[in-house]
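S.K.: Just a sequence and a predicted model for now, questions to come.
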Amino acid sequence: MSENFISHLEEQIRHHNDLYWQKGTPEISDVEYDRLVETLRSWDPQNPLLKKVEAPAAAGEKIVHTKPMLSLDKVYTKESLRQWMAKVARTQDEPFLVQPKYDGISGKLEHGVLVTRGDGRVGVNITDKLAIIDIESEKRDGILGEIVIRNSAFETMYSHVLTKAGTPFKNSRNAVAGIVANDGVEFYLKQGARLTFVDYETNTHPLKLNEFAEKWDGIQHSIEQLDYPMDGIVVRLQDATYAESLGYTEHHPRGAMALKFTNESVESVVTGFTLSIGKRGTLAATAQIEPRDIGGVTVTNVKVPVIDTLDGQPGILSGGIRVGSKVRVERAGDVIPYLAEVLEVGEAAPTAITDCPVCGSKLVRDGANLFCRNPECGEQQLNQLYFSVMTVGMFGIGKEIVRAIMDITGIRDFLGFMRLDGSLLVGQEGFGKTRITAIMDEIEKARRCTPELFLTALNVPELGKKASEELLKIYSVDEIIGGLTIAQLLRANGIGEVMAKRISEGLVEKQAYIQELRKEFELSQSAPAPEGDAICFTGKSTRPRSEMHQAAREKGLVPVDAVTSTTKYLVVADPNSTSSKVVKARKMGVTILSEEQFWAL
């Protein structure tokens with residue numbers, strides 16, 4: 001009986017591993033999967049399946065990690081986490097580091113080579129994907145992190161990014177897995193797809209054991225606000241030497257623990273809807289529900305889709321959710337509540353949505369969203385202006401202050417804000433002398449922002465910070481805002497045809513406005529790029545990559561991670577290789593060298 005039961009558990013776990021990691025179509029929640037694993041552990045603690053670290057399929061050569069990238073042990077309650085911290089702490093002052101547990105694909109960037117975690121011991125080289133990856137780290141190399149898609153990017157950009165089967169991705173994790181597993185990058189590069197490789201150290205909060213009761217809730221709240229997909233929180237010992245001394249199991253290090261988000265759910269009834277407009281005119285909806293308590297928090301609002309989603313979640317427009325609908329709401333790990341299921345549609349008439357809730361303009365459907373196309377829509381203008389204000393570093397000016405300034409002065413865009421006459425605010429409610437002075441000081445400081453922040457603040461579609469940084473490696477800020485052709489834009493690393501078209505159109509459409517705005521700024525300079533021709537290394541070599549990079553610098557060359565139009569040399573073990581990087585280099589006219597030819601330079 002026990003052998004049959006264990007075999008059944010093994011079969012179930014392998015089945016769900018394949019669905020989750022290889023096919024990207026999970027049938028059960030993480031919590032249900034973990035229950036299967038824990039049941040197997042209780043019946044057969046030494047089962048080899050418990051020691052196996054699963055990972056998504058990926059294209060590329062296999063690479064053995066010099067140090068294993070193991071999974072993490074996990075707990076499901078705050079109290080269990082505190083008990084673990086107390087167990088490993090040497091004193092009440094033991095320092096820990098608290099970080100998000102990102103829900104993506106683990107990787108390591110070392111010597112310019114990006115490798116997935118794989119099974120923890122052998123990963124896959126996905127360096128070719130760097131062309132569509134934004135790296136968020138203070139370091140340039142030696143980065144351990146997670147490949148994800150920002151939540152905001154998935155909601156906007158990925159409504160237009162399709163799989164090779166021609167269908168949209170169901171969620172951000174499936175999108176990451178699908179793109180990483182794809183052989184080559186051109187298919188997604190042309191669609192403007194972007195991934196983010198976020199350093200695990202980027203969003204880190206220090207916490208001592210004796211501060212847990214006082215600071216934990218605040219730290220967790222701060223992590224919840226991040227724009228990343230997450231399925232938990234990681235706590236690790238700050239003292240790396242001590243953590244290393246605790247050792248490892250075959251599956252996880254003993255000096256770190258993950259608090260996994262578990263899904264608490266309640267049933268409630270929809271009492272109404274609130275509609276809002278984003279900075280690109282996208283219509284969003286929030287449902288008001290009868291108050292319910294989830295994990296000690298009273299929930300009264302939940303985000304709901306306007307249009308039926310591809311994974312079957314009903315939207316307002318179709319009448320699949322309406323006033324009176326009975327719904328199940330989940331709050332995973334104390335993050336923002338979301339609609340899990342519509343249990344009963346209800347008998348009330350569907351809510352009609354035809355006009356913008358702010359300006360009254362007719363809404364237009366485009367793909368999976370409804371849009372307000374009125375450029376004079378007040379909420380769009382507010383959101384765009386606030387985005388620009390934050391981008392250039394005016395962090396002391398909150399959104400409601402921006403709204404009030406717009407109401408008082410009639411200002412509707414960033415140019416008007418940069419030309420703000422502070423005297424117009426004198427005597428207005430909420431604007432004393434100190435606040436007005438602070439606002440004007442913020443504006444003056446912002447005039448000296450860096451070129452990439454200025455370009456990002458223009459609110460041109462697809463011209464984000466990463467794209468701006470890449471363009472500035474080739475062109476001056478004035479050349480960029482003067483209007484580049486699509487062919488010129490395509491010279492920049494990471495910019496595909498779809499992105500280039502949108503950037504070009506946006507710059508042309510706003511040309512006069514941008515030129516006037518440019519006059520308001522005395523841009524500072526970004527850190528100067530190293531001088532010298534760019535050289536890229538790929539594949540295996542006879543010497544460590546760090547040594548190759550140092551030799552390149554001594555030859556007056558600048559090592560880079562990816563092949564672009566500005567790269568002069570690509571060094572490969574086999575110059576006749578047909579790898580994607582070599583093919584790209586040939587198309588761009590990059591000189592391809594063998595390792596022997598490199599040393600002879």
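M.R.: Okay, I see it.
S.K.: Pull up the gap between the nearest residue to residue 44 once chain neighbours are set aside and residue 39, please.
M.R.: Distances taken as Cβ to Cβ, 6 or more residues apart in numbering put residue 6 closest to residue 44, at 5.3 Å, once the chain neighbours are dropped. Using the backbone N, CA and C atoms, a C-beta is placed for each residue, glycine as well. Plainly put, residue 6 is 10 Å away from residue 39 if you go by Cβ to Cβ, to the nearest Å.
S.K.: same check, this time on residue 222
M.R.: Taking Cβ to Cβ, one finds residue 222 at 35 Å from residue 39.
S.K.: so where's the stretch 351-500 of the chain uncertain?
M.R.: 494 (pLDDT under 70).
S.K.: how about the strands of it, start to end?
M.R.: Along the stretch 351-500 of the chain, counting by DSSP state E, counting those that start in this stretch, strands occupy 363-366, 369-372.
S.K.: Specify the local secondary structure of residue 134.
M.R.: Here residue 134 takes the strand state, with states given by DSSP: H, G, I helix; E, B strand; the rest coil.
S.K.: and it, what are its bridge partners?
M.R.: residue 196 (DSSP bridges).
S.K.: What residues does it make contact with?
M.R.: 194, 195, 196, 197, 466, 494 (Cβ atoms under 8 Å, 6 or more residues apart in numbering).
S.K.: got the contact list for the nearest residue to the second one once chain neighbours are set aside?
M.R.: Distances taken as Cβ to Cβ, 6+ apart place residue 133 nearest to residue 195, at 4.8 Å, with adjacent residues excluded. The contact partners of residue 133, taken as Cβ under 8 Å, 6+ apart, are 114, 147, 194, 195, 196, 197.
S.K.: Next, the residues that contact whichever strand or helix holds the first one from outside, please.
M.R.: Spelled out, that is residue 114. When elements are assigned from DSSP states H and E, residue 114 belongs to strand 113-116. Strand 113-116 has contacts (Cβ under 8 Å, 6+ apart) with 55-56, 58, 63, 65, 105-109, 123-127, 129-130, 133, 147, 180, 197, 545.
S.K.: Neighbouring strands - and their directions - for the helix or strand following that strand?
M.R.: The element immediately downstream of strand 113-116 (helix or strand, assigned by DSSP H and E) is strand 122-124. If you go by DSSP bridges, strand 122-124 pairs up with strand 62-64 (antiparallel).
S.K.: buried residues in the partner strand?
M.R.: residue 63 (16 or more other Cβ atoms under 10 Å).
S.K.: Just give me how far it sits from the chain centre.
M.R.: Remark: strand 62-64 is offset 26 Å from the chain centroid, using Cα atoms, centre = their mean, to the nearest Å.
S.K.: helices and strands around the next helix-or-strand element following it, which ones?
M.R.: Following strand 62-64 in sequence order, the next helix or strand is strand 74-75 (DSSP H and E). If you count contacts as 3 or more Cβ pairs under 8 Å, 6 or more residues apart in numbering; DSSP states H and E, strand 74-75 packs onto strand 256-260.
S.K.: And the helix or strand that comes right after the strand it packs on, what does it pack against?
M.R.: Using DSSP H and E, the helix or strand that directly follows strand 256-260 along the chain is strand 263-277. Secondary-structure packing of strand 263-277 (3+ Cβ pairs under 8 Å, 6+ apart): strand 283-294, strand 297-304, strand 326-332, strand 338-344, helix 378-391.
S.K.: Which of these sits closest to residue 169?
M.R.: Closest to residue 169 of the helices and strands packed on strand 263-277, according to Cβ to Cβ: strand 338-344, at 17.9 Å.
S.K.: now the angle between strand 283-294 and that closest one, please.
M.R.: Orientation check (axes from the mean of the first three to the mean of the last three Cα atoms, to 10 degrees): strand 338-344 against strand 283-294 gives 80 degrees.
S.K.: neighbouring contacts of strand 338-344?
M.R.: The contact list for strand 338-344, computed with Cβ under 8 Å, 6+ apart, reads 263, 265, 267, 287, 302-305, 313-314, 320-321, 325-332.
S.K.: who wins for proximity to residue 205 among the strands of the stretch 351-500 of the chain?
M.R.: Nearest of the strands of the stretch 351-500 of the chain (Cβ to Cβ): strand 369-372, 34.8 Å.
S.K.: For the closest one, buried residues please.
M.R.: So, applying 16+ other Cβ under 10 Å, buried residues of strand 369-372: 369, 370, 371, 372.
S.K.: Nearest to residue 396 among those residues?
M.R.: residue 372 (29.9 Å).
S.K.: how about the closest one, what does it touch?
M.R.: 277, 281, 283, 356, 358, 359, 361, 363, 364, 380.
S.K.: do that again at 6 Å, thanks
M.R.: 277, 281, 356, 361 (Cβ atoms under 6 Å, 6 or more residues apart in numbering).
S.K.: what would these look like in TSV with neighbour count and distance to residue 576?
M.R.: Listed next are these as TSV, based on neighbours: other Cβ atoms under 10 Å; distance: Cβ to Cβ, whole Å:
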residue	neighbour count	distance to residue 576
277	26	55
281	23	51
356	24	59
361	17	59
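S.K.: Closest one of those to residue 226?
M.R.: residue 277 (23.7 Å).
S.K.: which residues touch that closest one?
M.R.: 358, 372, 379, 380.
S.K.: thought the first one was touching residue 374?
M.R.: The one in question is residue 358. No - the pair residue 358 and residue 374 does not pass the contact test of Cβ atoms under 6 Å, sitting 8.8 Å apart.
S.K.: domain ranges for this structure?
M.R.: 2-51, 62-260, 264-372, 378-446, 451-518, 533-600 (automatic domain parsing).
S.K.: What's the local residue count around residue 429?
M.R.: Using other Cβ atoms under 10 Å, residue 429 has 7 other residues around it.
S.K.: Any figure for the gap between it and residue 435?
M.R.: Counting by Cβ to Cβ, the gap from residue 429 to residue 435 is 11 Å.
S.K.: And for residue 43?
M.R.: 65 Å.
S.K.: Check residue 247 too.
M.R.: From residue 247 to residue 435 the distance is 56 Å (Cβ to Cβ).
S.K.: of those two, who's got more company?
M.R.: The neighbour comparison of residue 247 against residue 435 (other Cβ under 10 Å) goes to residue 435, with 15 against 9.
S.K.: show me what contacts that one?
M.R.: Contacts of residue 435 by Cβ under 6 Å, 6+ apart: none found.
S.K.: Tell me how far the strand or helix carrying residue 536 lies from the chain's centre.
M.R.: Assigned by DSSP H and E, residue 536 belongs to strand 533-537. Taking Cα atoms, centre = their mean, one finds the center of strand 533-537 at 28 Å from the center of the full chain.
S.K.: which outside residues touch that strand?
M.R.: 548, 552, 557-560, 563, 566-571.
S.K.: try it again with 7 Å
M.R.: For strand 533-537, contacts defined as Cβ atoms under 7 Å, 6 or more residues apart in numbering pick out 112, 545, 548, 552, 557-560, 562-563, 566-571.
S.K.: Identify the farthest-apart pair in these.
M.R.: Farthest apart among the contacts of strand 533-537 - using Cβ to Cβ - are 545 and 566, which lie 20.6 Å from each other.
S.K.: now the stretch 1-150 of the chain, which segments are flagged as low pLDDT?
M.R.: Applying pLDDT under 70 to the stretch 1-150 of the chain flags residues 1-5, 19-32, 34-35, 51-60.
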